[in-house]
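[1] next one to model:
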Amino acid sequence: MEITKKVVFIAKDESINELKELLITMIEPSRAEPGCTLYNIYQLPNKPTEFVVVETWENQDYLDAHGKTAHYKHYKENFEPFCAEKFKDDMEILG
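    Next up is the predicted model:
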């Protein structure tokens, strides 16, 4: 079963560029992973501290494997100093 997630990061005002740079490092290696069908990161123009990651994986096994990659571990070990808030939601495609 396909899994789509939305993760929202709110950067600290003084750390917008650092968080942005860290998140950008996730794009290409994540897209290259088996089972990844979508991996996009958005920055809201009217809220520059807010970043939204939308990712879709073919199934839970691929998502679990993503969590074990070097680039994911690097992100997990480094995002907190730049981030004021983080929350995530699973999403279902309608239609």
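
[2] count of residues packed around residue 94?
    Residues lying near residue 94 (other Cβ atoms under 10 Å) number 4. Yep, even glycine has a C-beta here, placed from its N, CA and C like the rest.

[3] oh, that last question was meant for residue 21, not what I typed.
    Neighbour tally, residue 21, other Cβ under 10 Å: 10.

[4] please apply the same query to residue 22.
    20.

[5] how about residue 43?
    Residue 43, neighbours per other Cβ under 10 Å, totals 17.

[6] also residue 19?
    Neighbours of residue 19 (other Cβ under 10 Å): 22.

[7] buried residues of the helix or strand it falls within, list them for me.
    Element membership for residue 19 (DSSP states H and E) is helix 16-31. For helix 16-31, burial by neighbour count (16 or more other Cβ atoms under 10 Å) applies to 16, 18-20, 22-23, 26, 29-30.

[8] so where's this protein uncertain?
    95 (pLDDT under 70).

[9] kindly recompute the last result at 80.
    93-95 (pLDDT under 80).

[10] for the spatially most central residue of it, what are its contacts?
    Centrality entry for the chain: nearest residue to the mean C-alpha point is residue 53, 4.1 Å, by Cα atoms, centre = their mean. Under the criterion of Cβ atoms under 8 Å, 6 or more residues apart in numbering, the contact list for residue 53 reads 5-9, 23, 26, 39-42.

[11] cutoff 10 Å now
    Contact analysis of residue 53 by Cβ atoms under 10 Å, 6 or more residues apart in numbering lists 5-9, 23, 26-27, 30, 39-42, 86, 88.

[12] buried only: go through those residues for me.
    Buried by 16+ other Cβ under 10 Å: 9, 23, 26, 30, 39, 41, out of the contacts of residue 53.

[13] which one among the residues you listed gets closest to residue 47?
    residue 9 (11.4 Å; Cβ to Cβ).

[14] specify the beta-bridge partners of that closest one.
    With DSSP bridges as the criterion, residue 9 is bridged to residue 51, residue 86.

[15] does it really touch residue 85, like I thought?
    Yes - counting by Cβ atoms under 10 Å, residue 9 touches residue 85, with 7.6 Å between them.
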